[in-house]
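Colleague: Need a 3D model of the following:
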Amino acid sequence: MKSKEQVFRNYYTQYKDKLYRLCLGYTGNRADAQDLQQEILLRIWQHLDSFRGESSLSSWCYRIATNTALSYAGKQKRQQDKQELLKAELTHLHDHRVLPNAEQEEASQRLYKAIAGLKETDRLIIGLLLEGCSYKEIAHITGLSPSNTGVRINRIKKQLSKKLTKNEG
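Modeller: Got it, this is the predicted structure:
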């Protein structure tokens, strides 16, 4: 049987990037996403002994990530000027080196900013979808029915499309 450390290391190695992107969807900026990721990893570590194996480890960890992200979002009452922060970060990067595929990076940032503006549950759903989770997995993690999950995903996609089209114009 694997030790707690081995299980955690395996999870971390396999899911750290997905977890980071989920955090980025909740926060809208890199610094807060990294803080949130650390908080989630700490909670997973603290509660790993209570994992009963009733679902997959990744589903269980996504649930912890979701609950932690929702708590984090609730604590973040003050509005930050995310657009200025992003602009400053991109300017700083551009001043020091040539950005690889700058247009793709900018489009990605616009998408994550649009996701950050969604309702909490919608952020979770679209974040899980972007990480390649099936509708069934998303339904299990969120507690929604699979059919309701499909309807929500279609509505979220339309919302994001409107936001992104509006921001381009």
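
Colleague: mind listing what the residue nearest to the spatial centre of the chain touches?
Modeller: A centroid search over the chain (CA atoms, centre = their mean) returns Leu22, at 1.2 Å, as the residue closest to the centre. By CB atoms under 8 Å, 6 or more residues apart in numbering, the contact set of Leu22 is 62, 65, 69, 127-128, 131. To be clear about C-beta, it is placed using only N, CA and C from the backbone, and glycine gets the same treatment.

Colleague: Give me the buried stretch members for stretch 4-24, please.
Modeller: Buried residues in stretch 4-24, counted by 16 or more other CB atoms under 10 Å: 7-8, 11, 15, 18-24.

Colleague: got any ranges where the chain has weak pLDDT?
Modeller: 1, 74, 76-104, 167-169 (pLDDT under 70).

Colleague: please redo it, this time with the cut-off set to 50
Modeller: Low-confidence segments of the chain (pLDDT under 50): 77-87, 90, 93-99.

Colleague: about what we covered before: quick one: which of the contacts of Leu22 sit in helices?
Modeller: Judged by DSSP state H, these include 62, 65, 69, 127-128 as members of helices.

Colleague: Which members of those are classed as buried?
Modeller: Using 16+ other CB under 10 Å, the buried members of these are 62, 65, 69, 127-128.

Colleague: and which of those is nearest to His47?
Modeller: His47 lies nearest to Ala65 out of those, by CB to CB, at 11.6 Å.

Colleague: Please tell me how far the closest residue to the closest one other than its chain neighbours sits from Arg52.
Modeller: Closest residue to Ala65 apart from its sequence neighbours, by CB to CB, 6 or more residues apart in numbering: Ile40 at 4.7 Å. Distance of Ile40 to Arg52, computed by CB to CB, to the nearest Å: 19 Å.

Colleague: Which of the two has more residues huddled nearby?
Modeller: Ile40 (23 against 6; other CB atoms under 10 Å).
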